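A.B. asks: need a 3D model of the following:
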Amino acid sequence: MAKITHARAFMVDLKPKVLRTDAIQSFKSQETIFVELWDRDGARGMGYSYTIGDGGPSVLALLKQTLLPRLMGQEAACIEAIWRDLLFCSHATAVGPIMSLALAAIDTALWDMRGLKSGLPLHQLAGGAKASVPMYTTEGGWLHISPEALVEDALAAREQGFKGSKVKIGTPTVAGDEARLGAVRDALGPDYEIMTDANQSMTAAEALRRVPMMETLNIAWFEEPLPSDDIAGHARLQEGSRVPVAVGESLYSAGQFADYIAQGACGIVQADVARVGGITPWLKIAHMAEAHNIAICPHFLMELHVSLVCAVPNAPWLEFIPQLDDVAAPMGRDGGMALAPTRAGIGIDWDHDKLTALTSAGSAFEIKES
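C.D. replies: Predicted coordinates for the structure are as follows:
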């Protein structure tokens with residue numbers, strides 16, 4: 001075993017390639033927080049997390065002032081011990097997004113180091129359930145896009161081999177949402193999967209009004225219909241719906257997922273490795289869902305999640321939203337199938353020159369063992 005001696009952190013602000021809108025917000029940018037770690041053997045690991053436009057400097061401050069200094073001298077192989085120590089050393093800031101995003105950047109760096117030292121890719125290191133996974137695309141389904149353009153994008157996606165598309169909903173009327181979804185179903189037929197995402201924009205009554213329409217259109221899932229802290233509302237909605245309710249991108253701990261599952265408030269979980277605090281808790285959530293015969297279909301971060309969904313048996317989909325193309329080699333694909341990376345570690349081939357060129361001014365810092 002080797003102790004951690006050196007850490008470096010910085011932020012890169014990546015702008016979306018397309019306009020991304022939903023019922024409550026616009027995706028302004030991806031503030032991407034990176035952490036590099038070195039141990040006494042000279043091994044290195046690199047991890048990251050992200051925001052959608054706000055909060056990145058706060059994550060960096062927590063890393064700089066609290067978490068990375070405490071990490072120095074700890075055994076790099078003891079990932080579970082490190083994760084719990086860092087969580088409880090600043091427990092007053094948990095559970096919440098800033099703490100989880102900071103933990104995730106460290107945790108993914110530790111898993112990357114473990115994979116590089118062992119010579120194993122993450123999908124094998126974490127379970128090795130499969131070598132590829134079907135993808136659905138979100139990039140052509142944003143709320144500002146017209147029904148005609150939704151159809152055009154879905155047809156093009158199917159031609160490329162994609163198995164489904166996500167369509168954002170949350171227009172002022174049920175008829176407005178039905179027009180968007182119905183146009184895609186009419187054009188693509190019964191075998192193409194259509195996912196929906198309301199982004200926490202609805203009241204319980206408005207969500208329930210949309211269920212019969214979704215059942216008729218054979219919608220794959222109803223994502224984030226209500227505010228994420230309304231577990232009881234989601235439970236009532238799921239009880240009255242044959243369409244699975246999907247939740248998770250706005251949950252920040254395994255315990256929050258446990259509450260949803262225990263109350264029958266979801267049919268699909270969508271844990272985001274950055275927002276739950278890293279690979280370590282993500283795997284616990286995935287296995288907890290498996291034990292309850294529930295699928296995990298993670299949110300965003302496809303370049304990292306591809307390895308995790310291929311590690312576990314209950315992950316049938318990967319969400320296609322490319323965001324790292326400016327700073328890393330493209331994720332491996334075969335048509336509409338995402339391929340688990342075979343390179344050791346987390347499997348992302350970073351372009352370090354581009355990362356350096358795009359590093360936000362004043363964001364980079366180093367911490368060394370004293």
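A.B. asks: from now on I want contacts and neighbour counts done on CA atoms only, so please keep to that.
C.D. replies: Fine.
A.B. asks: phi, psi of Y50?
C.D. replies: phi -160, psi 160 (degrees, to the nearest 10).
A.B. asks: pretty sure it is touching L14, no?
C.D. replies: No: the pair Y50 and L14 fails to qualify as a contact (Cα atoms under 8 Å) at a distance of 9.8 Å.
A.B. asks: overlap in contacts, the two.
C.D. replies: Contact criterion Cα atoms under 8 Å, 6 or more residues apart in numbering; residues shared by Y50 and L14: Q30, E31, T32.
A.B. asks: what's the closest of those to A149?
C.D. replies: Q30 (25.0 Å; Cα to Cα).
A.B. asks: tell me where this structure has helices.
C.D. replies: Using DSSP state H, the helices of the chain run over 56-62, 68-71, 79-89, 97-118, 122-125, 147-160, 174-188, 204-216, 231-239, 254-262, 279-291, 302-309, 352-358.
A.B. asks: which of those helices sits closest to D326?
C.D. replies: The nearest among the helices of the chain, by Cα to Cα, is helix 352-358 at 7.5 Å.
A.B. asks: which strands and helices sit next to the closest one?
C.D. replies: When contacts are defined as 3 or more Cα pairs under 8 Å, 6 or more residues apart in numbering; DSSP states H and E, helix 352-358 sits against strand 4-14.
A.B. asks: pLDDT on the strand it packs on, on average?
C.D. replies: Per-residue pLDDT over strand 4-14 has a mean of 97.
A.B. asks: picking that back up, turn the helices of the chain into TSV, columns for distance to D22.
C.D. replies: TSV is the format used below for those (distance: least, Cα to Cα, whole Å):
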stretch	distance to D22
helix 56-62	21
helix 68-71	35
helix 79-89	32
helix 97-118	20
helix 122-125	31
helix 147-160	14
helix 174-188	12
helix 204-216	16
helix 231-239	20
helix 254-262	24
helix 279-291	25
helix 302-309	19
helix 352-358	27
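A.B. asks: and A23, which of these is closest to it?
C.D. replies: Between A23 and those, the tightest spacing by Cα to Cα is seen for helix 174-188, at 11.3 Å.
A.B. asks: run the angle between that closest one and helix 147-160 for me.
C.D. replies: In terms of direction (axes from the mean of the first three to the mean of the last three Cα atoms, to 10 degrees), helix 174-188 departs from helix 147-160 by 30 degrees.
A.B. asks: ok now helix 174-188, how far from the chain's centre?
C.D. replies: 27 Å (Cα atoms, centre = their mean, to the nearest Å).
A.B. asks: and what of stretch 285-304?
C.D. replies: 10 Å.
A.B. asks: now do that stretch, average pLDDT.
C.D. replies: 97.
A.B. asks: stretch 253-262 too?
C.D. replies: pLDDT averaged over stretch 253-262 gives 98.
A.B. asks: picking up where we left off before, for K168, find the nearest of the helices of the chain.
C.D. replies: Here helix 174-188 is closest among these (Cα to Cα), at 8.6 Å.
A.B. asks: contacts for the closest one next, please.
C.D. replies: With Cα under 8 Å, 6+ apart as the criterion, helix 174-188 contacts 146-148, 150-151, 154-155, 167, 169-171, 192, 194, 209-210, 213, 217.
A.B. asks: stretch 47-63 too?
C.D. replies: The set of residues external to stretch 47-63 that reach it, using Cα under 8 Å, 6+ apart, is 9-11, 27-36, 98-99, 101-102, 104-110, 112, 274, 363.
A.B. asks: please check those residues and keep the buried ones.
C.D. replies: Among those, the ones that count as buried by 16 or more other Cα atoms under 10 Å are 9-11, 28-36, 98-99, 101-102, 104-110, 112, 274.
A.B. asks: still on that earlier bit, more neighbours, Y50 and L14?
C.D. replies: Ranked by neighbour count (other Cα atoms under 10 Å), Y50 and L14 place Y50 first, with 26 against 21.
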